[in-house]
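> predicted coordinates and the sequence they were generated for:
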Amino acid sequence: MDLGFADATAVIAGGTRGIGLATAVYLAEHGARVAVIGRNEARLTKTAATLEAAGSPEVLTLAADLGSAPDVDAVFETVGARWRDLNVLVNAAGPVGAGRFDDLDDAGWTAAFDQGVVSAVRCVRAALPLLRAAPWARVVNVTAMSVQHQSAGLVSYTAAKSALLSVTKNLARSLAGDAILVNAVAPGPILTDWARPVLAAAGIEMDDPVGAFGLLGRDHGMSVDLGRLGLPQEVAAVIAFCASRANTYMTGAHLNVDGGSDFL
């Protein structure tokens, strides 16, 4: 299936690791010009090499703190100067950290919302002139399964992702007149860096999603019908369809990529 990414332009916020990186690679493999936003220069350099090897005809690395509106404005000014317009924006960044309600102070709540929802708002706001200038445009926000299945140990994270879903649905309606489609993807338990130290301590490899589920499923009460954790590239494929030219009529949707669950 041709997703229509040949020579398209895409920005991935949080594109240097995990699901964001997998999405950037997927788009690169399908011919998109890809820009990634991140704070770590070493990871940005490594990501650029990975995307070039994957076949992207042009790669931009954009160093920025998504918590800084001036930083975000500056990177999209760079994108505009280079590409003039933008077909795809994927918001795959943060928040990080966990905590139960009694563990969180005001700073913890503020950080979770800034990283988890306001950073995406900043990116959409700065990108909008470029998205509107493009012949077709898509926005995809990455939420989480905990939006639909609450976790007492991730209370601020879940609240921020829930707010991001609300923003997604409102943007879908607000931007429909511009023919900009806005959707959200909710990953289930995915085998990314968060699991690495836990698995290493148990002698389980990062490329063993069944073994990882056996350990983490017991410890965290995960319900996955397929009996394994997901892989970042499996989420990336769904994000890519939402972000593609092939998606012509889906907007305001919230898609689960969770291996089968009882979530709505």
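Arrived safely, thanks for sending. Residues are numbered from 1 along each chain as shown.

> mind checking what helix or strand follows the helix or strand where residue 141 lies in sequence?
Assessed by DSSP states H and E, residue 141 sits inside strand 137-142. As assigned by DSSP H and E, the chain's next helix or strand after strand 137-142 is helix 155-174.

> can you name every helix or strand that that next one contacts?
Here helix 155-174 touches helix 106-113, helix 119-133, strand 137-142, strand 180-187, strand 254-257, going by 3 or more CB pairs under 8 Å, 6 or more residues apart in numbering; DSSP states H and E. To be clear about C-beta, it is placed using only N, CA and C from the backbone, and glycine gets the same treatment.

> list of residues touching the strand holding residue 141?
19-20, 86-92, 120, 124, 127, 131, 164-165, 167-168, 171, 175, 178-187, 235, 239, 242-244, 247 (CB atoms under 8 Å, 6 or more residues apart in numbering).

> one more time with 7 Å
Strand 137-142 is contacted from outside by 19, 86-92, 120, 124, 131, 164, 168, 171, 180-185, 187, 239, 242-243, 247, using CB atoms under 7 Å, 6 or more residues apart in numbering.

> same question for stretch 69-88.
Residues contacting stretch 69-88 (CB under 7 Å, 6+ apart): 8-11, 33, 35, 37, 60, 62, 64-66, 122-123, 126-127, 130-131, 133-134, 136-138, 243.

> again with stretch 243-259
Against stretch 243-259 from outside (CB under 7 Å, 6+ apart): 1, 3-5, 88, 90, 136, 138, 140, 143, 145, 165, 169, 172-173, 176, 181-188, 224-226, 228, 230, 234-235, 238, 241, 263.

> do stretch 201-209 as well
Under CB under 7 Å, 6+ apart, the answer for stretch 201-209 is 191, 196, 199, 211-212, 215, 228-229, 231.

> so which of the residues you listed wins on neighbours?
residue 229 (26 neighbours; other CB atoms under 10 Å).

> look up how far residue 66 lies from that residue.
26 Å (CB to CB, to the nearest Å).

> follow-up on the earlier one: okay, now the sheet partners of the strand holding residue 141, with direction.
strand 88-91 (parallel), strand 180-187 (parallel) (DSSP bridges).

> find the nearest non-adjacent residue to the residue nearest the centre of the chain, please.
Central residue of the chain (CA atoms, centre = their mean): residue 92, 2.1 Å from the mean position. The shortest distance from residue 92 to any non-neighbouring residue, by CB to CB, 6 or more residues apart in numbering, is to residue 20 (3.4 Å).

> any idea how far the residue nearest to the centre of the chain is from residue 248?
Separation of residue 92 from residue 248 (CB to CB): 23 Å.

> likewise for residue 258?
Noted for residue 258: a distance of 25 Å to residue 248, by CB to CB.

> picking that back up, out of the helices and strands packed on helix 155-174, which one sits most buried?
Looking across the helices and strands packed on helix 155-174 with neighbours counted as mean count of other CB atoms under 10 Å, the highest average goes to strand 137-142: a mean of 27.

> for it, output the C-alpha coordinates as CSV.
C-alpha atoms of strand 137-142 as CSV (Å, rounded to 0.1, in the frame of the first residue of the first chain):
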residue,chain,number,x,y,z
ALA,A,137,-1.4,17.8,6.3
ARG,A,138,-1.8,15.5,9.2
VAL,A,139,-1.2,15.7,13.0
VAL,A,140,-0.8,12.6,15.2
ASN,A,141,-0.6,12.7,19.0
VAL,A,142,0.6,9.8,21.0
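
> now it: mean pLDDT?
The predicted model assigns strand 137-142 a mean pLDDT of 98.

> likewise stretch 32-50?
97.

> residue 187 pairs with what?
With DSSP bridges as the rule, residue 187 is bridged to residue 257.

> end-to-end on stretch 189-197?
16 Å (CA to CA, to the nearest Å).

> and this protein, split by domain according to the record?
When the chain is parsed with automatic domain parsing, its domains come out as 9-190+231-257, 193-229.

> just name the most buried of those domains.
Highest mean neighbour count among these (mean count of other CB under 10 Å): domain 9-190+231-257, with a mean of 20.

> show me how far it is from its chain's centre.
4 Å (CA atoms, centre = their mean, to the nearest Å).
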